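# I'll drop the sequence and a predicted model, then ask my questions.
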Amino acid sequence: MINSVADGGGIDATGVTVTYRNGLTALRDATFHIPKGSVTALVGVNGAGKSTLFKAIMGFVPASQGEIRLLGRTVREALKSNIVAYVPQAEEVDWAFPVLVEDVVMMGRYGHMGFLRRARPADHAAVDQALARVGMSDYRQRQIGELSGGQRKRVFLARALAQDGQVILLDEPFTGVDVKTEEQIVALLREMREEGRVMLVSTHNLGSVPEFCDRVVLVKGTVTAYGKTDEVYTRDNLEAAFGGVLRHFTLGGTELHHDDDDTREVRIITDDERPFVMYGEKRKKSIARATVKADTDDGNA
């Protein structure tokens, strides 16, 4: 069920259709609302329209129909105001390009500089604060290509902070990072939520979504459902968005309860990233990907 679009700031998409010049319609009649001060998961299979939606929000592709408003502004107005920040996937970056960590973070200040892009004391201070906030101050003189996957993610988060982005798009921020780095990223997202920023996180990490996202937008060529995580992140909605891609594992009865009358089941839903686990009707913290893989290898799928 699609909720009605609420009034006010945040990200508002109304009837958005994106058709590329080759005639391919990658997103059709998409409608959703994300309020300020929230972390929202953007969930769907590859090719569902997640990247197209990001491109439309960043102004890289126009909406052939409908409208996107960011904090009450049109996309063009929002970009001119430099309020939209982007944290890319690792695959989108040329890590061999020789650039220092502090220079990457300074790129977030370009929209605040003049035509000649000469950094002022305020720009250097913003970079210092951003690096300190993500715990990367000691790495500022390192080449970004020398860093680990998790450290690189933190550098690009620092760039978004230095930019003072109010609408932050994160593309697969947990891919290629360890558990400790994931926890650090989640803690930072929660801090930014408290500051009133709007964060839209594209992810295949189904198990992490209930742990840190207030809201969910599910896409499959259009928006199939959106709203609060507790209301929208359900098995039925996931199946509608993922179709036959998801795999299910169910344990219950005597497999779990040998000495009591508890009849609840453990249900695991996964697309081979971190799985989404439910115990009865309640969500549980996700379990390691390897656990499900081991069950599959044993022939229990």
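The structure has been received and is ready for your questions.
# so who does residue 84 touch?
Listed by Cβ atoms under 8 Å, 6 or more residues apart in numbering, the contact set of residue 84 reads 57-58, 70, 78, 165-169. Every residue, glycine included, has its C-beta placed from N, CA and C.
# I'd guessed residue 98 sits against residue 143; true?
Yes. Between residue 98 and residue 143 there is a contact at 6.1 Å, judged by Cβ atoms under 8 Å.
# just to revisit the earlier point, just the ones in helices from the contacts of residue 84, please.
57, 78 (DSSP state H).
# And the spatially most central residue of the chain, how far from residue 138?
In the chain, the centroid-proximal residue (Cα atoms, centre = their mean) is residue 201; its distance is 1.2 Å. Applying Cβ to Cβ, to the nearest Å, the value for residue 201 to residue 138 is 27 Å.
# again, but for residue 120
24 Å.
# now swap in residue 156 and tell me
For residue 156, the distance to residue 138 - Cβ to Cβ - is 17 Å.
# neighbour count winner among the two?
It is residue 156, of residue 156 and residue 138, that has more neighbours when counted by other Cβ atoms under 10 Å, with 25 against 10.
# List the residues that contact the more buried one.
Going by Cβ under 8 Å, 6+ apart, the list of residues near residue 156 reads 87-88, 104.
# try it again with 6 Å
residue 87 (Cβ atoms under 6 Å, 6 or more residues apart in numbering).
# In terms of pLDDT, where does it sit?
pLDDT recorded at residue 156 is 94.
# Could you do residue 242 as well?
Note on residue 242: pLDDT of 85.
# quick one: buried residues of the helix or strand hosting it?
Secondary structure from DSSP states H and E places residue 242 in helix 235-242. By 16 or more other Cβ atoms under 10 Å, the buried positions in helix 235-242 come out as 237-238, 241-242.
# Same check on stretch 126-134?
126-127, 130-131, 133-134.
# Output it as PDB - backbone C-alpha positions only.
Provided in PDB are the C-alpha atoms of stretch 126-134 (Å, rounded to 0.1, in the frame of the first residue of the first chain):
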ATOM      1  CA  ALA A 126      35.300  22.500   7.700                       C
ATOM      2  CA  VAL A 127      37.700  19.800   6.300                       C
ATOM      3  CA  ASP A 128      39.400  19.500   9.700                       C
ATOM      4  CA  GLN A 129      36.100  19.100  11.500                       C
ATOM      5  CA  ALA A 130      34.800  16.600   9.000                       C
ATOM      6  CA  LEU A 131      37.900  14.400   9.100                       C
ATOM      7  CA  ALA A 132      37.900  14.500  12.900                       C
ATOM      8  CA  ARG A 133      34.300  13.500  13.000                       C
ATOM      9  CA  VAL A 134      34.900  10.300  11.000                       C
END
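# Quick one: mean pLDDT for it?
Stretch 126-134 comes out at a mean pLDDT of 97.
# and the gap between the closest residue to residue 73 other than its chain neighbours and residue 116?
Excluding the flanking residues, the one nearest residue 73 by Cβ to Cβ, 6 or more residues apart in numbering is residue 81, at 6.8 Å. Residue 81 is 21 Å from residue 116, where distance means Cβ to Cβ.
# again, but for residue 197
From residue 197 over to residue 116 (counting by Cβ to Cβ), the distance is 29 Å.
# For residue 81 and residue 116, indicate the residue with more neighbours.
Set residue 81 next to residue 116 and count neighbours by other Cβ under 10 Å: residue 81 wins out with 13 against 5.
# can you pull out the helices in the stretch 51-200 of the chain?
75-80, 101-106, 121-133, 149-163, 179-194 (DSSP state H, counting those that start in this stretch).
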